[in-house]
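K.L.:
I'd like to go over a predicted model; first the sequence, then the structure.
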2 protein chains.
Amino acid sequence: MALIRRFNRTVTERVGALEDSFLGRDRPLGASRLLWEIGEDGADLHELRGRLGLDSGYASRLVRRLENEGLIVVEAYPTDRRRRRLRLTAAGLAEARELDRLSNLAATALLDKVPVSNRERLLAAIAEVERLLRATLVDIAVEDPRHPDVVYCFTRYANELDARFAGGFDAGSSSSVNPEELTPPAGYCVVARLRSLPIGCGALKLHGAAPAELKRMWVDPRLRGLGVGRRLLESLEALARGNGARVLHLETNRALEEAIELYRRAGFVEVAPFNDEPYAHHWFEKLL
Amino acid sequence: MALIRRFNRTVTERVGALEDSFLGRDRPLGASRLLWEIGEDGADLHELRGRLGLDSGYASRLVRRLENEGLIVVEAYPTDRRRRRLRLTAAGLAEARELDRLSNLAATALLDKVPVSNRERLLAAIAEVERLLRATLVDIAVEDPRHPDVVYCFTRYANELDARFAGGFDAGSSSSVNPEELTPPAGYCVVARLRSLPIGCGALKLHGAAPAELKRMWVDPRLRGLGVGRRLLESLEALARGNGARVLHLETNRALEEAIELYRRAGFVEVAPFNDEPYAHHWFEKLL
DNA sequence: GATATTATCTGACCGTGGTCAGAGAAATCG
DNA sequence: CGATTTCTCTGACCACGGTCAGATAATATC
């Protein structure tokens, strides 16, 4: 614990310098950060607010300021004219690039103070800490299967299966799942999000006292091996248990090795086929 | 660079939770932090201000606030009645312990979100990052040899020599150095500080165009291997060069293996004895 | 003993981040 | 269609961290 606290102190003190590089631009830090987050492709204000965790009033003020400085243009979405789309002007793009440069400069300055012989070790350790800590920023929530984030994850899931299964994957020929079956009390969907961006999902079909079914487990490839799948699994198990299920079933394809490994480690044991899902090679069961 | 910036973002977001644990105590964060920094043994306000980097007015206000809350007592130092000594009252001690508890709780919560299998890796990486980054917080300054920080380092230096040399070390029988010789333009003292606490030193005696002498190189044992010695050496070399010296001399004892290694790596080569320093076994020289 | 320096305190001031309630406009639902 | 919800904007408000100049007292220096 003392180690973590010492780490906290050292890092905030040292790496805070990177944030400070956003300062001194005749603009509050928050405004610079917003500008920087908009990016070259522009951004949706609502989505941005979620990502940065800003109050609507505060965000509105920051946007106004950047607009007055001539750094961004604000326009309504054609599809939903309540929403605002933010785009960088030429000046805004230049300023964003300058912020980028300063931030890089600060990062370089930090590294320069470390003896050359230690730099690689530092970078490796930094990468490790970042990866492992990032996983702790993931939170998991129950969502309606029609929620855009769920739809997004399900699509990525299907695409991945199609790419990885020998012979591809066609959702139509698989035992399909309609939204009602994944809506409480018939079932559940859970979504894992990193800074409000969906990065994983899982679903549950309940059958009263009969075994519940686990469906559509997927984690963004960039975030695998960090325990996100385990946490999705745990929350679905808790939901199944809370709804009276005593046994959890799932079937999977032999191509999904890391998933199979996850299930085994979570206490699932392989059993004889309990359905005729065409894409399945392994059937698992866990007593809750 | 992108890695460092990503690291910055993740860490400040996640580890910031530790700071937040100081919040919600009906007291601004700064006040809580000050309280926590005072510690069981009390602290000198001046020293505290240096450590936390606070403005005198701001610090004074925080102290007043804690005093009014009955958490600390403020008293003048007997030796220097301008200075203020801060001590925790019973209530203050209890509050500091509570802050400690909350901070530990937050650290534990952070670790709890990491899968057990990854925890050790995370802690190891955290320790590594902390150690290496801490070194970058060290800054080096030229000081008068009579400055308390220099005196402190010289004392630690002499104590260490006494402990490590076979047969001990007696400053009197060594070729002594008086303060004038280390004061510009005759010579220089440099001190390395971590958050304004002295943690290393080095000195230089100039002899015009004749070889300059390197003296009293010392780094706190807890911070060795992080490049502090190298940085002290570099700044002294720069001073020697800037004052017209073409050659740098130093002599050292065989017990100081890591120092000898440092000199060799810095480009010093062993030469025949150029003086009769009784404690020396090795004589080095470097062309600047 | 006069002068400079050091440490603290005080009052005044400021921008920033942040919150809140309410209004208005647009979209969605029944 | 009306009712409700969603998204944004506005104005008002506030604490906090931070800075500055000047006052005061104690100490160090010459």
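P.N.:
On my side now, so go ahead.

K.L.:
got the buried residues for the helix or strand containing A:R64?
P.N.:
Per DSSP states H and E: A:R64 is located in helix A:56-68. Across helix A:56-68, burial judged by 16 or more other Cβ atoms under 10 Å in any protein chain shown covers A:A59, A:L62, A:V63, A:R65, A:L66. The way it works is simple: take the backbone N, C-alpha and C, and place the C-beta from them, glycine included.

K.L.:
look up the closest residue to the fourth one, ignoring the ones flanking it.
P.N.:
For A:R65, ignoring the flanking residues on the chain, the nearest one in space by Cβ to Cβ, 6 or more residues apart in numbering or on different chains is A:A31 at 5.4 Å.

K.L.:
and the one you found, which of the three is it?
P.N.:
helix (DSSP: H, G, I helix; E, B strand; the rest coil).

K.L.:
so what's it up against?
P.N.:
Counting by Cβ atoms under 8 Å, 6 or more residues apart in numbering or on different chains, A:A31 touches A:L62, A:R65, A:L66.

K.L.:
mind putting the residues you listed into TSV with pLDDT?
P.N.:
Formatted as TSV, these follow (pLDDT from 0 to 100):
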residue	pLDDT
A:L62	92
A:R65	91
A:L66	91
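
K.L.:
from the buried residues of helix A:56-68, which are also near DNA strand D?
P.N.:
The subset of those within reach of DNA strand D, by Cβ under 7 Å from any atom of the strand, is A:A59, A:V63.

K.L.:
ok so, going back, out of the contacts of A:A31, which comes closest to DNA strand C?
P.N.:
A:L62 (7.4 Å; Cβ to the nearest atom of the strand).

K.L.:
give me every residue that touches that closest one.
P.N.:
Taking Cβ under 8 Å, 6+ apart, we find A:L62 in contact with A:P28, A:G30, A:A31, A:L34, A:L54.

K.L.:
next: A:L52.
P.N.:
A:R33, A:L34, A:E37, A:A59.

K.L.:
try it again at 10 Å.
P.N.:
A:L52 makes contact with A:G30, A:R33, A:L34, A:E37, A:Y58, A:A59, A:L62, A:R195, A:S196, according to Cβ atoms under 10 Å, 6 or more residues apart in numbering or on different chains.

K.L.:
give the burial count for the third one, as a bare number.
P.N.:
For A:L34, the tally of surrounding residues (other Cβ atoms under 10 Å in any protein chain shown) stands at 26.

K.L.:
that one reaches A:A59, doesn't it?
P.N.:
Yes: counting by Cβ atoms under 10 Å, A:A59 is a contact partner of A:L34 at 7.5 Å.

K.L.:
what touches both of the two?
P.N.:
With Cβ under 10 Å, 6+ apart, A:L34 and A:A59 have common neighbours A:L45, A:L48, A:R49, A:L52.

K.L.:
residues of the strand or helix carrying A:R97 that come out buried?
P.N.:
In this structure, A:R97 sits in helix A:90-112 according to DSSP H and E. Across helix A:90-112, burial judged by 16+ other Cβ under 10 Å covers A:G92, A:L93, A:E95, A:A96, A:L99, A:L102, A:S103, A:N104, A:A106, A:A107, A:L110, A:L111.

K.L.:
surely A:G202 is within a strand?
P.N.:
Yes: per three-state DSSP, A:G202 lies within a strand segment.

K.L.:
what's near enough to touch it?
P.N.:
A:140, A:153, A:157, A:188-192, A:214-219, A:229, A:231-233, A:235-236, A:239.

K.L.:
keep only those of those residues that are in strands.
P.N.:
A:I140, A:Y188, A:C189, A:V190, A:V191, A:A192, A:L214, A:K215, A:R216, A:M217, A:W218, A:V219 (DSSP state E).

K.L.:
what's the most distant pair in the residues you listed?
P.N.:
A:Y188 and A:V219 (17.2 Å; Cβ to Cβ).

K.L.:
so which of those two has more stuff around it?
P.N.:
A:V219 (28 against 25).

K.L.:
partners of that one in the sheet?
P.N.:
Taking DSSP bridges as the rule, A:V219 bridges to A:G200.

K.L.:
look at the nearest residue to A:V151 once chain neighbours are set aside and give its secondary structure.
P.N.:
With Cβ to Cβ, 6+ apart as the criterion, A:V151 has its nearest non-adjacent residue at 8.0 Å, and that residue is A:P145. Local secondary structure at A:P145 is given as coil here, using three-state DSSP.

K.L.:
for A:P145, grab the count of nearby residues.
P.N.:
Using other Cβ under 10 Å, A:P145 has 20 neighbouring residues.
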